[in-house]
Each structure stands twice: as structure tokens, then as C-alpha cells.
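Engineer: Starting from these lines, generate the structure:
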Amino acid sequence: MFKVINDAAEAYNGVIPEDCWKDPYMLKSELRIEIDSGVIFWGYEKKGELLGVMGIQHVIDVSLIRHAYVRTAYQNQGIGRKLSKHIMNQTKRTLLVGTWAAAAWAIRFYEKNGFTLVTPTAEKDRLLKRYWKISPRQIETSVVLKKEPRA
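Structural biologist: Purely as a prediction, here's the structure:
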């Protein structure tokens, strides 16, 4: 998972604010903390190779999509869509996903999969503060997308 996340996260290099970028994007110890805090990861594998990962975390009264990444060489082949559909079937709660405001490709992906951008900014900030443990800088430079549960 560590390799998939850091390969795919290269797309953020030079796009997100410089003070938010680091290499590697996620350390193994940080991945362990995410798992220990309740993020359940699902993966997409082909011929024994892990090509994509996506996590779900149930927090208070919602479910969060966490750490959705597909290896660079395998993007735009439907892997993210398959993983997101699988994640959506894991909960009957409202689904939220946070991503960098500058990551237009990620925002488009979630919108194509039925999520809507949370507005106004005050509501976006409220959600990020309530459900995520992230820095004020990341709150400032992120967006939240929402998908209501199926009836």
C-alpha cells in the first residue's frame, strides 16, 4: 500500500501548496497510524500486483473515504471507480471525502461518481474540523465532497 500511495501521490507534487508537499508523501509510520485509527483499506489487484487502494473510516455519524490512490501507470482504467463502488457498498451512512482544492482531477472523479462539492466554505471547514484530524493549513487548502446514502 505504501508504494501505491506514494507513486500516485506524485501527482500532487507542484500542484498542492509547497508547504504541504513532502517526499515520501506518506511515511510507513503514518500509514500504520491511519490503520490503527480505524481506516479499513481495500485494494485492487491484477496478476498479484496491487494497483490501487482506497480506505473507509467510520467517524461519529458519517463514513469517510480515505487515501484513494491508483498507481500512475494504471490510472484512467476504471480501478478507482471499482474501488469507490466497493467502498460505497460498505456503508449506509453519508459518505464524505476530502481532497486538495488544487487537485481538479480528484474533484472531477468524485463528481462523476455521484458526490457533490460542499459549499459554502464555512460548512466545508466545519466538516473538516469535525471528522478529520488535519492541520489548519490543510483545512484552508482542501475541499469536501459529499454523497448521501442510498434510500
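
Engineer: Let me see the ranges of the strands in this structure.
Structural biologist: Taking DSSP state E as the test, the strands found in the chain are 40-46, 49-59, 62-70, 94-100, 116-117, 142-147.

Engineer: JSON lines for those, including mean pLDDT and mean neighbour count?
Structural biologist: (Glycine included, C-beta is placed from N, CA and C.) Below are the strands of the chain laid out as JSON lines (pLDDT from 0 to 100; neighbours: other C-beta atoms under 10 Å):
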{"stretch": "strand 40-46", "mean pLDDT": "98", "mean neighbour count": "15"}
{"stretch": "strand 49-59", "mean pLDDT": "98", "mean neighbour count": "19"}
{"stretch": "strand 62-70", "mean pLDDT": "97", "mean neighbour count": "23"}
{"stretch": "strand 94-100", "mean pLDDT": "98", "mean neighbour count": "21"}
{"stretch": "strand 116-117", "mean pLDDT": "97", "mean neighbour count": "12"}
{"stretch": "strand 142-147", "mean pLDDT": "98", "mean neighbour count": "20"}
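
Engineer: Now do A151, the pLDDT please.
Structural biologist: The predicted structure scores A151 at 64 on the pLDDT scale.

Engineer: any idea how far the residue lying closest to D125 once chain neighbours are set aside lies from Y110?
Structural biologist: Nearest-residue entry for D125: I139, 5.8 Å, with adjacent residues in sequence omitted and distances by C-beta to C-beta, 6 or more residues apart in numbering. For I139, the distance to Y110 (C-beta to C-beta, to the nearest Å) stands at 18 Å.
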